[in-house]
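> Only the shape, not the letters, is given here:
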């Protein structure tokens, strides 16, 4: 059975997710899977960059999806 602290931590984590972050992370995940299957380092590096950018943009609320573009 989960403790109150675990449930509280999960609620805080889920409240930080937004549609833009989920879209960007899923896009980078699909790109990383395609890069892994094709052994392509360039698209893999771009997928990692996109994931890093998605997390950074969600933290500071910058970029398209958070401000007016």
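Structure's in. What do you need? The structure presented is a predicted model; accordingly, all values stated were derived computationally and were not measured.
> Give me the most central residue, this protein.
By Cα atoms, centre = their mean, the chain has its centre lying nearest to residue 25, at 3.2 Å.
> That one reaches residue 52, doesn't it?
No - Residue 25 is beyond contact range of residue 52, at 10.6 Å (criterion: Cβ atoms under 8 Å). Using the backbone N, CA and C atoms, a C-beta is placed for each residue, glycine as well.
> residues touching residue 14, list them.
Neighbour list for residue 14: empty [criterion: Cβ atoms under 8 Å, 6 or more residues apart in numbering].
> and it, helix, strand or coil?
Here residue 14 is helix, with the state taken from DSSP: H, G, I helix; E, B strand; the rest coil.
> Roughly how far does residue 29 sit from residue 36?
In this view, residue 29 and residue 36 are 11 Å apart by Cβ to Cβ, to the nearest Å.
> next one: residue 9
Distance of residue 9 to residue 36, computed by Cβ to Cβ: 31 Å.
> Show me which helix or strand of the chain is least confident by mean pLDDT.
helix 4-16 (a mean of 76; mean pLDDT, DSSP states H and E).
> what's next to the helix or strand following that one, contact-wise?
Beyond helix 4-16 in the direction of the C-terminus, DSSP states H and E gives the next helix or strand as helix 19-38. Helix 19-38 is contacted from outside by 40-44, 46-48, 50-51, 53-55, 57-58, 65-66, using Cβ under 8 Å, 6+ apart.
> rerun at 10 Å
17, 40-55, 57-59, 61, 63-66 (Cβ atoms under 10 Å, 6 or more residues apart in numbering).
> before we move on, what about stretch 43-50?
Counting by Cβ under 10 Å, 6+ apart, residues outside stretch 43-50 touching it are 24-25, 27-36, 38, 40.
> out of these, which are buried?
24-25, 28, 31-32, 35 (16 or more other Cβ atoms under 10 Å).
> Please report how far residue 64 lies from residue 24.
Separation of residue 64 from residue 24 (Cβ to Cβ): 10 Å.
> what's the overlap in contacts for those two?
Contacts common to residue 64 and residue 24, judged by Cβ under 10 Å, 6+ apart, are residue 57.
> Wait, residue 61 touches residue 16, no?
No - in this structure residue 61 lies outside contact range of residue 16 using Cβ atoms under 10 Å: 11.2 Å.
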